[in-house]
Structures are given as structure tokens and as C-alpha cells.
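Q: Turn this into a structure:
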Amino acid sequence: MITSDQLLNSLPNVERTPFVENSVRDAYSREIENISYYTKNAVNPSVGFDTFRQSGNQFIAEFWVNDLVLEKKNQYNWHMQNTSQWLYAGCILLQDGKVSTHH
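A: The predicted structure follows:
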């Protein structure tokens, strides 16, 4: 699992204002709590938390908790991600100096 420092270090310096850094740390902390909750309730958990990647003018850090005991099916969202084993998933998004989370 990545740390909040690793997550912040994946952003370009020009995006790292004090406001953005505090907002990312807060969002990261909340998501780690949620990930921990869903991991404890999974039979065979698999967890991921990616660093930020740029998509146009957005910076996106995706996270997820899968339960590998669930059958893998042809079940996809509009991002073409297989969601059949997901218990919890989303991203931290930075756009125009504002941080938000999406689930």
C-alpha cells in the first residue's frame, strides 16, 4: 500500500499547494479507513491504491478492495474495469486545485 507521502510525490510540484496537500492527506486518511473496514470483512481480500496519473487536466489516484473468493464475471463499468469482485472502489481526484473523492 502506498503512503500519503508517496501519493503526494506523484503529483507535479506546480499542483502541490498547501491546500491541495492538506486536502489529499485528509482524503487519503478517510479512504485508508474505508479500505481497512472492507478488507476486514473480505474472505480473501486484494487491495490496491495507485499513485496519481494524469488524464487531461485531472489527476486521478484509484483505489479498490476486491474479495477474490467472489466469482469473476463479465461485469464491467463504463471505465471498462471488471467490478465483479469489488467490495469498495473509487478515486481521489484533483482538478483545478480542488480535491474530491468518487466511489
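Q: quick one, helices of the protein?
A: Secondary structure of the chain by DSSP state H: the helices cover 4-9, 18-40.
Q: Export those helices as a markdown table, with columns for distance to residue 86 and mean pLDDT.
A: Where C-beta positions appear, they are placed from N, C-alpha and C, glycine not excepted. As requested, the helices of the chain are arranged in a markdown table below (distance: least, Cβ to Cβ, whole Å; pLDDT from 0 to 100):
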| stretch | distance to residue 86 | mean pLDDT |
| --- | --- | --- |
| helix 4-9 | 21 | 98 |
| helix 18-40 | 9 | 98 |
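Q: With distance to residue 60 and mean neighbour count as extra columns, can I get those helices in CSV?
A: Supplementary listing: those in CSV, determined by distance: least, Cβ to Cβ, whole Å; neighbours: other Cβ atoms under 10 Å:
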stretch, distance to residue 60, mean neighbour count
helix 4-9, 11, 15
helix 18-40, 12, 15
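Q: Wait, residue 96 touches residue 57, no?
A: Yes - the pair residue 96 and residue 57 qualifies as a contact (Cβ atoms under 8 Å) at a distance of 7.1 Å.
Q: Now do the same contact list for residue 52.
A: Contact analysis of residue 52 by Cβ atoms under 8 Å, 6 or more residues apart in numbering lists 7, 10-11, 59-61, 92, 94.
Q: change it to 10 Å
A: By Cβ atoms under 10 Å, 6 or more residues apart in numbering, residue 52 lies in contact with 6-12, 15, 24, 58-62, 91-94.
Q: Do you know the pLDDT at it?
A: In this model, residue 52 is scored at 98, pLDDT.
Q: what does residue 81 give?
A: Model confidence at residue 81 (pLDDT) stands at 85.
Q: What values do phi and psi take at it?
A: When quoted as degrees, to the nearest 10, the phi and psi of residue 81 stand at phi -100, psi 130.
Q: Give me the neighbour count for the nearest residue to it once chain neighbours are set aside.
A: Closest residue to residue 81 apart from its sequence neighbours, by Cβ to Cβ, 6 or more residues apart in numbering: residue 89 at 7.8 Å. The number of residues packed near residue 89 is 19, by other Cβ atoms under 10 Å.
Q: Noted, bye for now.
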